[in-house]
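Asker: pasting the sequence and the predicted model now:
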Number of protein chains: 4
Amino acid sequence: MNSFIRHIIVLSPTGTKKQIQFVEEKQEFNKFPTKTGRRSLSRSISQSSTDSYSSAASYTDSSDDETSPRDRTQVNSKGSSDFCVKSIKQAEFGRREIEIAEQDMSALISLRKRAQSEKPLAGAKIVGCTHITAQTAVLIETLTALGAQCRWTACNIYSTQNEVAAALSEAGVAVFAWKGESEDDFWWCIDRCVNTEGWQPNMILDDGGDLTHWMYKKYPNVFKKIRGIVEESVTGVHRLYQLSKAGKLCVPAMNVNDSVTKQKFDNLYCCRESILDGLKRTTDVMFGGKQVVVCGYGEVGKGCCAALKALGAIVYVTEIDPICALQACMDGFRVVKLNEVIRQVDVIITCTGNKNVVTRDQLDRMKNASIVCNMGHSNTEIDVASLRTPELTWERVRSQVDHVIWPDGKRIILLAEGRLLNLSCSTVPTFVLSITATTQALALIELYNAPEGRYKQDVYLLPKKMDEYVASLHLATFEAHLTELTDEQAKYLGLNKNGPFKPNYYRY
Amino acid sequence: MNSFIRHIIVLSPTGTKKQIQFVEEKQEFNKFPTKTGRRSLSRSISQSSTDSYSSAASYTDSSDDETSPRDRTQVNSKGSSDFCVKSIKQAEFGRREIEIAEQDMSALISLRKRAQSEKPLAGAKIVGCTHITAQTAVLIETLTALGAQCRWTACNIYSTQNEVAAALSEAGVAVFAWKGESEDDFWWCIDRCVNTEGWQPNMILDDGGDLTHWMYKKYPNVFKKIRGIVEESVTGVHRLYQLSKAGKLCVPAMNVNDSVTKQKFDNLYCCRESILDGLKRTTDVMFGGKQVVVCGYGEVGKGCCAALKALGAIVYVTEIDPICALQACMDGFRVVKLNEVIRQVDVIITCTGNKNVVTRDQLDRMKNASIVCNMGHSNTEIDVASLRTPELTWERVRSQVDHVIWPDGKRIILLAEGRLLNLSCSTVPTFVLSITATTQALALIELYNAPEGRYKQDVYLLPKKMDEYVASLHLATFEAHLTELTDEQAKYLGLNKNGPFKPNYYRY
Amino acid sequence: MNSFIRHIIVLSPTGTKKQIQFVEEKQEFNKFPTKTGRRSLSRSISQSSTDSYSSAASYTDSSDDETSPRDRTQVNSKGSSDFCVKSIKQAEFGRREIEIAEQDMSALISLRKRAQSEKPLAGAKIVGCTHITAQTAVLIETLTALGAQCRWTACNIYSTQNEVAAALSEAGVAVFAWKGESEDDFWWCIDRCVNTEGWQPNMILDDGGDLTHWMYKKYPNVFKKIRGIVEESVTGVHRLYQLSKAGKLCVPAMNVNDSVTKQKFDNLYCCRESILDGLKRTTDVMFGGKQVVVCGYGEVGKGCCAALKALGAIVYVTEIDPICALQACMDGFRVVKLNEVIRQVDVIITCTGNKNVVTRDQLDRMKNASIVCNMGHSNTEIDVASLRTPELTWERVRSQVDHVIWPDGKRIILLAEGRLLNLSCSTVPTFVLSITATTQALALIELYNAPEGRYKQDVYLLPKKMDEYVASLHLATFEAHLTELTDEQAKYLGLNKNGPFKPNYYRY
Amino acid sequence: MNSFIRHIIVLSPTGTKKQIQFVEEKQEFNKFPTKTGRRSLSRSISQSSTDSYSSAASYTDSSDDETSPRDRTQVNSKGSSDFCVKSIKQAEFGRREIEIAEQDMSALISLRKRAQSEKPLAGAKIVGCTHITAQTAVLIETLTALGAQCRWTACNIYSTQNEVAAALSEAGVAVFAWKGESEDDFWWCIDRCVNTEGWQPNMILDDGGDLTHWMYKKYPNVFKKIRGIVEESVTGVHRLYQLSKAGKLCVPAMNVNDSVTKQKFDNLYCCRESILDGLKRTTDVMFGGKQVVVCGYGEVGKGCCAALKALGAIVYVTEIDPICALQACMDGFRVVKLNEVIRQVDVIITCTGNKNVVTRDQLDRMKNASIVCNMGHSNTEIDVASLRTPELTWERVRSQVDHVIWPDGKRIILLAEGRLLNLSCSTVPTFVLSITATTQALALIELYNAPEGRYKQDVYLLPKKMDEYVASLHLATFEAHLTELTDEQAKYLGLNKNGPFKPNYYRY
């Protein structure tokens, strides 16, 4: 779910006129969220919301002090108060969380080691606005190790791991974030992050575009001097392209959402892993012999189909795009219209990025005890609203699991009320988060160190060679050994021995 | 884990000499638990212990009354007091649980319908000792619908779903069981079940052999008049074979543990599903590219290997049996000695039924952050005891997940302290429980109705035709349609059109 | 296809009354050929008939001399004439064939090495009747190396590789066989093999039972002194069981057809490999997206389904046995009646062992360009006879490929006229032949050396320990390393450290 | 192998100076053949060279007339002599071949039906230079049906199916081609095709660029008036880009080699099918348990790996590109340097597009009986030349199969002398040829009908919408049913209901 949409919904009556205009503007940006980027948000949120380790901690501390962090002064062990978190006392626990995350983010650790002597970010003053989790902490501390000064805030009012925020604050990062901020808190934190005496940011790392827009609107003079923006989310990227199209983007920006490593790994492989996990945790369903229809055969659909087929399910695919449909055929899936199989399937999974892919009329015709869930975009794919009618009874049987009961007793098992199953009911491997975090770090280094003129006031993709570098840093995890070209071979292929190895249009 | 072993450990000082002798005898029975049956227990326990729906309920009621159920008198709505459960007030909640279970146990429901008019169990007086879960409730109510009178007790002091016990009691079944019985309670419940005025059991349904042995020892005259015993667990079956060998089994018994449907489905398919689930729920591990060694390539190992390979893991196999090893080779797994790969693997899974398959010496050599778990027999496979030494630090990071930390900081992630991952950290599909429950019902019908002389005082496997019937009742779940032989074809094959279709030695 | 059935068809008018009675008797034996053994013959025949290396040679020599080998006298380089083959001049070429086969039969070679010093077959006089191929030559020369004297003949009038027969004759084995024998030649060769002056056989290795019956009928006094019979084929085994049942089997016999290694490997794995090969070689069909129905989900069907699904086909299964049907469901195949899918499938593959599984009526309803073939039993499964009607046109488009053309232009592509696709259109890996040959050698050693009384006049399965030994000899091919039990583990499991490792009823 | 390179080798001494210069120019073009297009040629050649149906025919006719077709005058049944083929008498046989191909090319047939009424190619005068096979005949007759006049010649001196050329000539297409042309014949045929009285071509369909260059060099004035060139091969495309870069391309050209449907289907899916086929036909190797190393994890490597893993092989991957390497890891393959596994693998398959990927030094270290083959580019990948040394013995054991024998007796099984296994030893599904042929037809229609100005004098990719149309025409084969967007959904996604459905950079 897009963080911004929620902000609108909970918008407090104290919002100034300016903010409201801003909101309208953003609504426009959100109109055509493209499919490819939609996972960026879900990953991080699901990570924070379902990690039992940290959430246990959060439970405890949520009750221990009801005063708003804004109304309290806290001091870390070095005497600094330049942060605002739930409780600095949780720092030690947060540190352990960060250490555990480091185990699966060895690419960042190795980046620290390789680049530390040259301090490629010396002088960089980075403001960041992301989910604040153990994984982002590893990123932030990597940036620091490479020479940067960082101030950080949360891109989502619910997703902060308080103990991690505390650990970062204790370590000297100026963090302004806690779990359960109000809308007003949200913008206050961003402002505190940007607007501080004697320190002016020169780099932005954003996830969703809220920080970027706040600076663009409120601090245009600071914004103009920024050397580069790195944006991860599809929404934020969309906003940047809009700005660029309107001729208003006065800073080079890097779109890390569309890098190959992120796209292919985040969508295909992550969904291959998480579809099984999400279904099992919520319903304990047996996969063997189940008839499943997967709506959409993009990367997300491909991942879901592969996993379910491998575990013995019989999978049908619906598609609007004949090329993807032909791939589904060759991969051994029958391509059907939803209505052809709606009466026989046990599970529907939507992965289209579209709206109303499953309608009330179709839900009416499903079998008793069918499972309905969404791995795609937002909560639009299944027409859940159509199920909120008087003749249907809703019964919450577990967290994230509703039985919707028809008058004749038929039950449909609806997961996460049609929101992303990923986001709500399973976790995302730290390894995948590591790929994105490493890409972000490299994008910051590239923008900060690029010779003048290499990047204009536009939105760029990371150079392919850097994509390849990100990938290479992650091979150690698998003890994979790359082959190197001989001079003769490089010459034969017309390639540099160190890459890039493929043309830009290569499809992988 | 074998329920009996725990009984010994907690044995109260009030145990009579007779009981102690009995215990020794049973220890002997346990000496050679065979591999094939070891899953029978785990399934049911894991089911009850991890079902979040019911355990939520159990949490609530555990605090509402601290008096032992033995010391309270409860009355159901029909005025009966012939039961002993935690709280009859939970009956309505339990009824809903049973109804949900019925949805996935359509085979039993259809058995009820097919056989109800003839009441094949009219006159049967069944004492049962099993895990008391929603699934067994569906079985018990099926037996009742077919004409039997039932009295029931629990085969495990922890596994009773209290609300289900209440619902059964409310419906008129004499249940004596609650979650958290003492050792003394356990035997008291069994006794109350068997020894009641004006009612004498003529059939036994047992899971583990405790009820059978209690009757054999304490009520030899009643025992002799039993028309048949149906036993599910490997331990119970082992005890029966011992009795038979010793010439002391005076009642025909049916071994449902070794029926084809139970063996192949329970081991191969269940493990294929639950290995992924168990690993994800405990560690959120990404499977893609992980190097995994699976010790043992029996049905359990086959299921684990297939699932992990399908999700992108690189799987090695260890085996002692050259035939299974050759199968592993042909299935695309490298067959190695554990020491060959111990330094490189990310995950070890034991499925051997053996002991000390993973030793301290090997654990010393594993990589940082490796996962170690057991899908096999009991908690003997990994030498967990060897890890309880002063130089190693244990850190409990989640329920069922320990980090064992070496002096140099290396961590091994140990799941469920080496007990069955299945039992502890994932669920088992109701569908599989349905197969076993249906087999039990048919075994009872067969023994109760068999003409004199068909079964002697021995242990029998269910006739193949009944195995086939159990399977056929489960095909509707998949909307599978069997082909029928024509008269000409049946004649050509020398088969009866209704089966059995295979010779007894057929391996499937 | 059963060799015997063909013999009846081509029975010459010179057959004596005795022979005719014999035939009738055998017809009775053939009445209930069980499914499990049907592959034994096909393997060897396909091997010889499709090996382009040798068949090239055979082509040449078939024209070089039209005189019957019976009418010519040949002498090998050592001066012996005790053989009858097509042309001793082909010996050198045959030797090279044998050497190539040896490369993939390292188990036999290693058996030679392990047992050669003790010569366990010293004194054994073996008459053999099998397909005569490079692979059997490796077996025969292994038996010789272990001390046996061998005389050999062919179990099939077409399957002899003439150059191999020559090489064996040159090496001193008394071989009586050539490709294209007449019925009369067939029995003459058997007789020459058995009935020779100054040499009396004491062991039989048979494939199909023809040699055994010839001796039983013609030389009862010699037959009685035989120490053991080793029989490979399902037909031969069936005949032995008949004899045994009738109390007429006066010699212990070993059924190697039903050994685990043969059954599981020959059926499951071989079919997994050969179904793709057979279809490609004949039709160049693309598998991706093809709708295929596989009739029968025994081991053969399982192998076919697994391979086709893996290559992207959509596979349906028909079954009569609910247990196999349930396995198909869990493995992810829809179980249907043939009529449900007959109009939509692109390929039908029969694997049932049954007759008329595909009828004319169904063939009438298939799509244009559908492929119809048989991987199961004989040529009975598809009702090919029903296609030989005037309104249908047959067009032979390739070897083994017919287009059957309906009046409206629809074409059905029929492979091998409904005979085994395996047998006719693909090859069988030498590795699998090696498993069977090794089993035969061990069975001969066991029977020849068994202490008196171990084997009575009955039909036996190879002891499980020997099955395991056969498997272990084949592990080297895969560089697989077995784990050995420690003393402590062996004791815990109640097993001997050297096996057997499983109970007899274990299903693998 | 590139047809042009062979032309150079066989270049006759009569080649004019002009031709020689031309050759040099082309050599330059060939210097950096990119990986992505290398399959275009192999497909068609393998098709013609291994189709047993037609090659049988070719065998026959090769002996029936030794006079060169150039020296004979033939007349078709309509009295025309405007063609030059082996023998017009084969027309009927060729017609049957074409009819069979039509069965698998229903997309072209349906294109004929959809577009026939409007005759989009009315007035088009197309000269074509492609492999002349039954499949191209279906394309040519489709072009004719859509209104075009066609003259055709062969792009390869060996690949013509003579009977197809005859059938086309009989039907009125001016074909100049036969199997076994000399180099001189080759250019004569091209010239006869282009240079005819009263007919001037306005469209070119080329495969390899020979026709295009002939016209460019010899008939510059005709060339300038061409409305469009459609080029299929990677070599031809490369030449066009060179011309364009040099500012000498005066005609718009369409690169159909890099269309999505061709790339993804031709490489990934075709190789998935043909690697198994090629290995089986040549070596009868058993896949189960084999250790295989695949060099290169592009689309070709991905297809090979997927198929081999599915059939039970243990697959290792080598890669130079870290992104592809990471994909291999996630897909479950160990990524190694070749030297790490060279001593243990049973099979090496090269798919890199590179040279000397397997060196003599590595071949020296391989196991006895290892198989070495190439699925990648040309014959450069394996250093075959290094094996032609005196100490090694070559033994041709089958067509396309050599045993290379080391002094110690070790044999390496080398397939197709290191040329493409695909090209030499297996077939390519007509379905895939249909995709390319349909793309060619649409490209011709697009270029011929495009409004002035849409295409400049440059090389273009087919518009994505046409890619999608090609795909949609092929869905009927699978009875796949596309879902259509509702108006509301199309608006929500910002898409036209008829596509294109994806951005240009979408990777599929």
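Answerer: Cool, the structure landed. Since we're looking at a predicted model, the values are computed, not measured. Numbers count the residues shown, from 1 in each chain, chains lettered A, B, ... in the order given.
Asker: avg pLDDT for stretch A:169-180?
Answerer: The pLDDT scores in stretch A:169-180 average 96.
Asker: how about that stretch: buried residues?
Answerer: Judged by neighbour count (16 or more other Cβ atoms under 10 Å in any protein chain shown), stretch A:169-180 contains these buried residues: A:S169, A:E170, A:A171, A:G172, A:V173, A:A174, A:V175, A:F176, A:A177, A:W178, A:K179. Just so you know, the C-beta spots here come from the backbone N, C-alpha and C atoms, and that holds for glycine as well.
Asker: using PDB, write down the CA coordinates of it.
Answerer: Output of stretch A:169-180 as PDB, limited to C-alpha atoms (Å, rounded to 0.1, in the frame of the first residue of the first chain):
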ATOM      1  CA  SER A 169      20.800   7.600  17.800                       C
ATOM      2  CA  GLU A 170      23.100   6.100  20.400                       C
ATOM      3  CA  ALA A 171      25.700   5.700  17.600                       C
ATOM      4  CA  GLY A 172      25.400   9.300  16.700                       C
ATOM      5  CA  VAL A 173      23.100   9.300  13.700                       C
ATOM      6  CA  ALA A 174      20.400  12.000  14.000                       C
ATOM      7  CA  VAL A 175      17.200   9.900  13.700                       C
ATOM      8  CA  PHE A 176      13.700  11.400  14.000                       C
ATOM      9  CA  ALA A 177      11.200   8.500  13.900                       C
ATOM     10  CA  TRP A 178       9.100   6.200  16.000                       C
ATOM     11  CA  LYS A 179       6.400   3.600  15.400                       C
ATOM     12  CA  GLY A 180       2.900   5.100  15.400                       C
END
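Asker: tell me, which helix in chain A spans the most residues?
Answerer: Identified as the longest helix of chain A according to DSSP state H is helix A:430-449.
Asker: give the pairing partners of the following helix or strand past that one; include direction for each.
Answerer: For helix A:430-449, the following helix or strand on the C-terminal side (DSSP states H and E) is strand A:459-461. Sheet partners assigned to strand A:459-461 using DSSP bridges are listed as strand A:253-255 (parallel).
Asker: so which residues make contact with the partner strand?
Answerer: Applying Cβ atoms under 8 Å, 6 or more residues apart in numbering or on different chains, the set of residues contacting strand A:253-255 from outside is A:228-231, A:237, A:240, A:244, A:443, A:446-447, A:458-462.
Asker: quick one: buried ones out of those?
Answerer: Buried residues within the contacts of strand A:253-255, counting neighbours by 16+ other Cβ under 10 Å: A:228-231, A:237, A:240, A:244, A:443, A:446-447, A:459-462.
Asker: which parts of chain A sit against chain C?
Answerer: A:288-289, A:309, A:311-314, A:329-334 (Cβ under 8 Å from any Cβ of the partner chain).
Asker: so which of the residues you listed sit within helices?
Answerer: A:K309, A:C329, A:M330.
Asker: among those residues, which ones lie close to chain D?
Answerer: Among those, proximity to chain D is found for A:C329, A:M330 (Cβ under 8 Å from any Cβ).
Asker: can you tell me which of the ones in helices among the residues of chain A next to chain C is nearest B:H403?
Answerer: Nearest to B:H403 among those, counting by Cβ to Cβ, is A:K309 at 35.1 Å.
Asker: wait, that closest one sits on A:V315?
Answerer: Yes. Assessed by Cβ atoms under 8 Å, A:K309 is found in contact with A:V315 at 5.3 Å.
Asker: sorry, back to before: what is the most widely separated pair among the buried ones among the contacts of strand A:253-255?
Answerer: Farthest pair in the buried ones among the contacts of strand A:253-255, by Cβ to Cβ: A:S244 and A:E446, 18.2 Å.
Asker: how close does the closest residue in space to A:S472 that isn't next to it in sequence sit to A:K502?
Answerer: Of all residues not flanking A:S472 in the chain, D:P322 sits nearest, at 3.8 Å (Cβ to Cβ, 6 or more residues apart in numbering or on different chains). Relative to A:K502, D:P322 is positioned 11 Å away (Cβ to Cβ, to the nearest Å).
Asker: and what of A:L276?
Answerer: A:L276 sits at a distance of 31 Å from A:K502 (criterion: Cβ to Cβ).
Asker: got JSON lines for the residues of chain A next to chain C, with pLDDT and neighbour count too?
Answerer: Output for those, formatted as JSON lines (pLDDT from 0 to 100; neighbours: other Cβ atoms under 10 Å in any protein chain shown):
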{"residue": "A:G288", "pLDDT": "96", "neighbour count": "25"}
{"residue": "A:G289", "pLDDT": "97", "neighbour count": "27"}
{"residue": "A:K309", "pLDDT": "98", "neighbour count": "20"}
{"residue": "A:L311", "pLDDT": "97", "neighbour count": "24"}
{"residue": "A:G312", "pLDDT": "97", "neighbour count": "22"}
{"residue": "A:A313", "pLDDT": "98", "neighbour count": "24"}
{"residue": "A:I314", "pLDDT": "98", "neighbour count": "26"}
{"residue": "A:C329", "pLDDT": "97", "neighbour count": "27"}
{"residue": "A:M330", "pLDDT": "96", "neighbour count": "26"}
{"residue": "A:D331", "pLDDT": "97", "neighbour count": "21"}
{"residue": "A:G332", "pLDDT": "98", "neighbour count": "21"}
{"residue": "A:F333", "pLDDT": "98", "neighbour count": "29"}
{"residue": "A:R334", "pLDDT": "98", "neighbour count": "21"}
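Asker: by mean pLDDT, point me to the weakest helix or strand of chain A.
Answerer: When the helices and strands of chain A are scored by mean pLDDT, DSSP states H and E, helix A:3-9 comes last with a mean of 29.
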